[in-house]
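Novice: predicted model, plus sequence, below.
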Number of protein chains: 2
Amino acid sequence: MGTLNELFDPDRVAVVGATTREGAVGRAVTSNLLEDFDGDTVPVNPNYDEVLGLPCVDGIDDADADVAVIVVPPSIVLDAIEACGEAGVRNVVVITAGFGETGEDGATREHRLAEIADEYELNLVGPNSLGIMSTPSGMNATFGPENALPGGLSFMSQSGAFVTAVLDWANDNGVGFKDVVSLGNKAVLDETDFVDHWGDDEETDVIIGYLEGIEDGREFIETARETAQDTPIVAVKSGRTSAGAQAASSHTGTLAGSEKAYEAGLDQAGVIRAESVDELFDAAGILGSQPLPDTDSVAIVTNAGGPGVMATDAVGDTGLDMASFDDDTTAALRESMPDEANIHNPVDVIGDADVERFREALEITVEDDGVGAALVLAAPTATIDFDELADAILDVSEEMDAPVAACLMGGDRTREPKQRLQARGIPCYFDPARGIESLATLAEYRDIKAREYAEPMSFDIDRERAHEILSSVRDRDDNRLGVEAMELLDAYGIPTPAGEIVDSPARAAEVAAGIDGGVVMKIVSPDILHKSDIGGVAVDIDDSDVADTYEDLITRARNYQPDATILGVQVQEMVDLDAGVETIVGMNRDPQFGPLLMFGLGGIFVEVMEDTTFRVAPVSEPEAREMTEEIQSAPLLRGARGRDPVDIDAVIGTIGRLSQLVTDFPAIMELDINPLVALPDADGANAAAVDVRLTVDPEELDQ
Amino acid sequence: MGTLNELFDPDRVAVVGATTREGAVGRAVTSNLLEDFDGDTVPVNPNYDEVLGLPCVDGIDDADADVAVIVVPPSIVLDAIEACGEAGVRNVVVITAGFGETGEDGATREHRLAEIADEYELNLVGPNSLGIMSTPSGMNATFGPENALPGGLSFMSQSGAFVTAVLDWANDNGVGFKDVVSLGNKAVLDETDFVDHWGDDEETDVIIGYLEGIEDGREFIETARETAQDTPIVAVKSGRTSAGAQAASSHTGTLAGSEKAYEAGLDQAGVIRAESVDELFDAAGILGSQPLPDTDSVAIVTNAGGPGVMATDAVGDTGLDMASFDDDTTAALRESMPDEANIHNPVDVIGDADVERFREALEITVEDDGVGAALVLAAPTATIDFDELADAILDVSEEMDAPVAACLMGGDRTREPKQRLQARGIPCYFDPARGIESLATLAEYRDIKAREYAEPMSFDIDRERAHEILSSVRDRDDNRLGVEAMELLDAYGIPTPAGEIVDSPARAAEVAAGIDGGVVMKIVSPDILHKSDIGGVAVDIDDSDVADTYEDLITRARNYQPDATILGVQVQEMVDLDAGVETIVGMNRDPQFGPLLMFGLGGIFVEVMEDTTFRVAPVSEPEAREMTEEIQSAPLLRGARGRDPVDIDAVIGTIGRLSQLVTDFPAIMELDINPLVALPDADGANAAAVDVRLTVDPEELDQ
């Protein structure tokens, strides 16, 4: 796959399947291209000499095109694409539908389409795409009803209908785009390719997306991280709820990953997530045009006390804070404002304020070094002209290096000044909350830009031994391993209590003799899931009782299930659960993002309180540390309620080693260390993985 | 205070302080009344014979008015109000500012104003009000710039600027009102009075409010509950966040109650809470015009797959659910829709649908008994005319008894059909989430209407004994009582472990001998807060060691703080904490809502996980039960993870008894039972209040 520059900026675009038939897609695309495109449009159709006044060629090889738009019937699409490849056309937009979204036959056809694209190294959009647009050249290679206005947003959408809806709205609201792409079924080019491309595109200020899924989560994270350092990415990921995910899956035919994975993955990727259309464009609007705030502190200047309180609430809701003015600011406000004014934040210039008083208050407050951003909030009064107020805000904002948002609280009289402010990148709404939320988006992006991504954690481990242990799953019917795989953890340096699985009373006694204090003994059988329920676990056994207990456990297991496979009995050092904190470190493999790590405190905290956190592996040390910090029960690890703090680095190390293990072995489908007992800081190992369960796909083992 | 009918529907309105001076409030009010008011407007001002063409009288006694609007300077407002009282004018709107909001002098003046109003039984609005409006008679008795359009919303606002902002917007968006009142400082009439009045007003469909505080929380709850049975109440309560509360307090000069109290109190009152202006009017719009849904199940009919997924997500977010169609519905859809359509919910009529196909799909789905509400969601296509689609939605909605919302996703072309739909009460937005949220508001109000309010829990208790125990606080410097007040709980029938506070080793031994098993012994001193830290608590003491332990505890206390007041040693039955679940039942007194009850599980659950729930006391049995059900850790009370379920009725009983105690004694400012150990269901008391702390205001004790 080459660069996408030519896709969005071609000299000649061929429409394969162009036609003059009214209502046909092939006519709509040709006609849209004719409208504004600076380059040449070449209809391709052996049945016509001319389409809409343009000379028509018989085949793509006669077109000398940089981009081919395919609108022929599904049955001949593959031939048409192959012809493009043969003719040296590297950029293909497949509008024709009837592929993966229609069932099995379609999916087969789509698979073949991807093979052809691969063979000829095509940049292929679609199939089932509405098409693409690029405003600098006026190219509208879609069958949608309208071309986009020029602007700095580049927009990708997995829904064609969403593109038409957004353009209809955007054109009437002065919102402009650089490039637009309807992703269709993403058989070849997907969101990662466009993020990559637009990240290098000088004319793209903000990347926005409507996505129902992400093809390759890991690749997306890597690419988006890099892009987001310079270009903000805002996306609606729909199918967030289980009902929504089901609807998305029936809409696009793709298998949805879990919302937890998307939540973690998009955050790790530095994508700002919007939950609604309003949020998407509010965020895109301000990110494209305003400077980033130095601090989280907001100054509010208003002529209306009540709405000022609402805006202050919104500041609290978003995690921003209200600026405290320094003495100079307060003194300057006291001098220039009337006595009745509130010179503390939110600044109330009061009801009889004119535009000059607003301007003055705004100028004074934004001069304060502690102020990161400002909101101007005006209710209609006899002394305020919203047009003049908009001018004043624009004037002041030009000299500010802090962002500003405006709320003009009124009806039609605010329409024109609002549009004028928004055209200059100043968000303007009726609702104070929306203004504040826009400012919060800037602070969020500032933090994303400031991120420093560390390398994934990496340790000296024994990969071969791990492979050997994992391979033991071939002897199992159900692909599951239990405590018999404890050595897997050991191979990756995850601390486990002393012990082993033994197959005789004598060996049990030998092992127990080598362990200080009493031992825990457990029956080991893939066929017995709930060992405690059948009396298959014995705790705090003295050395002298070990041999008898061995016999006893075996008998119980036999009685419970005569045909159970019994691998032996685990004899393990007792871990003092009361001295530490039980945690759970787990992993499951997401279809899009791959290994998803989970961390939480054991027992009720995960099961009842649902107090968990997730990251896509592999994780860096700071990411693993965040996991231990951001659960609500985190204070319990750090010595809440008079307990000793645990050795948090031992927990972080275990997360990192597990991250490495599941990244090294895509065969591991699920894995839970439950409990990992986090112990107080002391000499030696300060965490103990007491139990493990995992599921392994043997077919993946030798890949 | 009489009925407010005359206030909103007077025959004659006097403007006390009417003037012809340009820019004066007295001119603006007179001129606004002249505009549309059906009744007579009477300027009152001894300096004029005529104001704006109306004959002017010298004093209010010559005006024969039903309502007096006061706009005179603050210094003569009190005289003017007194004159109204003398002249028999019962309804007074005080626009003049400069009262409680300006500091101490103003507060004194406002206090006097309230006294005069009380003396003459005046219905008094303000002071510091923008005025009032009522559209049936065209009365605009405000100095705002515009009159309201007629409609079914009655609107109260604690911010005058918010009234002008909302009217400016509402007039341009076709949103109409019955009555509007700017509450001002609420010296006499407050939110409760207007809720009460509008609840009986046939022409008010929905009550909406912007509130920064509630004067009397308990009275508001009682009144709003009754009103909300017939008339929905939607309110923005600002000052939700701590920064917002501070801003509100400096704006209105009132002491803000806690957000937890407002959250609980407004919910108990049946008020639907909006967090932004958009939410307020979205909710008001649909509540005023649409039927309530029978079920929570929503059908979505769309021509756009992607936006259909977004709407489905919104259904999940709001707690509604996606309707599963019955076989007849599916069969009918299969028959009438094209093969490519999705006949399951969300129904996708696909991109080439015309309005007739939309209409048919909508008609079929709403026929399904399981469907409680419907959303029609349309992206612009060549085959859809939004005007015709609006007509179809209006047609179908007229024959439906289920509510419907619409999303027309486009720009200016949607403006006219959108306004037409909204004028007929059908919410219509671009964003699918807003349409679904409106439908969720209807379901919320349906549940509020269906509430059955039970009487507060009431038990046979020993009130005199409780009074006596509380009175012991008079001997204290700090108004605090500890375990020495355990008998207070006993007086209200709250189960406590056996034991007493003793003042000699011998008595300690006697008490211990009467208790089965070991005992817990604690030093009892108001001066020693953290007893455990100084070794002032001894657990599981055998009878033979009790006397020695007594001496030991006293010695420790003396050593720690020689001048500490020592009330004795508590000897208490051991409660097996491991057998039960530690909970906390607490109360603090909110300035607006009075006693606020708190419930949560003990220790980390309250302190670290912040897993708590609140109710304004007194509570009914169902309310107390809800408290035990709605905390996230509730499953632990009901036997999660293999434990015995606790006797939940004993916990509910304790909450009810505490509710009664703190309602009976306003002197109790704070009280915590920590822990209340909830024990498994068995014979005898199944909960044990092990410790108590409370703060008592001695001055309130004899009220």
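Specialist: That came in fine, so what should we check first?
Novice: tell me which element A:L553 falls in.
Specialist: helix A:546-560 (DSSP states H and E).
Novice: show residues contacting that helix.
Specialist: Helix A:546-560 is contacted from outside by A:502, A:504-506, A:508-509, A:512, A:519, A:521-523, A:525, A:528, A:534-536, A:538, A:541, A:564, A:566, A:569, A:571, using Cβ atoms under 8 Å, 6 or more residues apart in numbering or on different chains. (C-beta placed from N, C-alpha, C; glycine too.)
Novice: helices or strands next to the helix or strand that it is followed by in the packing?
Specialist: Counting by DSSP H and E, the next helix or strand C-terminal to helix A:546-560 is strand A:568-573. The elements that strand A:568-573 packs onto, with contact taken as 3 or more Cβ pairs under 8 Å, 6 or more residues apart in numbering or on different chains; DSSP states H and E, are strand A:499-502, helix A:505-513, strand A:519-524, helix A:546-560.
Novice: partner strands of the helix or strand that the third one is followed by, with direction?
Specialist: Counting by DSSP H and E, the element after strand A:519-524 in chain order, helix or strand, is strand A:537-541. Here strand A:537-541 has these sheet partners by DSSP bridges: strand A:519-524 (antiparallel).
Novice: contacts for the partner strand?
Specialist: With contact meaning Cβ under 8 Å, 6+ apart, strand A:519-524 is reached by A:482-484, A:499, A:501, A:508, A:511-512, A:531, A:534, A:536-541, A:543, A:546, A:549-550, A:553-554, A:556-557, A:566-574.
Novice: filter these to the buried ones?
Specialist: A:482-484, A:499, A:501, A:508, A:511-512, A:531, A:534, A:536, A:538, A:541, A:543, A:546, A:549-550, A:553-554, A:556-557, A:566-574 (16 or more other Cβ atoms under 10 Å in any protein chain shown).
Novice: any idea how far the closest residue to chain B within the stretch 401-550 of chain A is from A:I384?
Specialist: Relative to chain B, the nearest point of the stretch 401-550 of chain A is A:G411 (3.0 Å; Cβ to the nearest Cβ). Note on A:G411: its distance to A:I384, by Cβ to Cβ, to the nearest Å, is 14 Å.
Novice: tell me the secondary structure at the residue of chain A most remote from its centre.
Specialist: Relative to the mean C-alpha coordinate of chain A, counting by Cα atoms, centre = their mean, the farthest residue is A:S544 (56.2 Å). Under DSSP: H, G, I helix; E, B strand; the rest coil, the three-state class of A:S544 is helix.
Novice: quick one, what contacts the residue of the stretch 401-550 of chain A closest to chain B?
Specialist: Counting by Cβ under 8 Å, 6+ apart, A:G411 has contacts B:168-173.
Novice: hmm, try it at 6 Å
Specialist: By Cβ atoms under 6 Å, 6 or more residues apart in numbering or on different chains, the contact list for A:G411 reads B:168-169, B:171-172.
Novice: what does A:P595 give?
Specialist: The contact partners of A:P595, by Cβ under 6 Å, 6+ apart, come to A:587, A:589, A:617, A:662.
Novice: what does A:D527 give?
Specialist: Going by Cβ under 6 Å, 6+ apart, A:D527 touches A:561, A:564-565.
Novice: need the residues of the stretch 401-550 of chain A near chain B, please.
Specialist: A:409-412, A:431, A:433 (Cβ under 6 Å from any Cβ of the partner chain).
Novice: got those residues as a markdown table, with secondary structure columns?
Specialist: Compiled in a markdown table, those are given as follows (three-state DSSP):
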| residue | secondary structure |
| --- | --- |
| A:M409 | coil |
| A:G410 | coil |
| A:G411 | coil |
| A:D412 | helix |
| A:D431 | coil |
| A:A433 | helix |
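Novice: out of those, grab the one that's most surrounded.
Specialist: Greatest neighbour count in those, by other Cβ atoms under 10 Å in any protein chain shown, goes to A:M409: 27 neighbours.
Novice: can you give me the neighbour number for the residue lying closest to that one once chain neighbours are set aside?
Specialist: Leaving aside its sequence neighbours, A:M409 sits nearest to B:A165 (Cβ to Cβ, 6 or more residues apart in numbering or on different chains; 3.5 Å). Residues lying near B:A165 (other Cβ under 10 Å) number 29.
Novice: repeat that for the one 3 residues further on.
Specialist: Using other Cβ under 10 Å, B:D168 is surrounded by 24 other residues.
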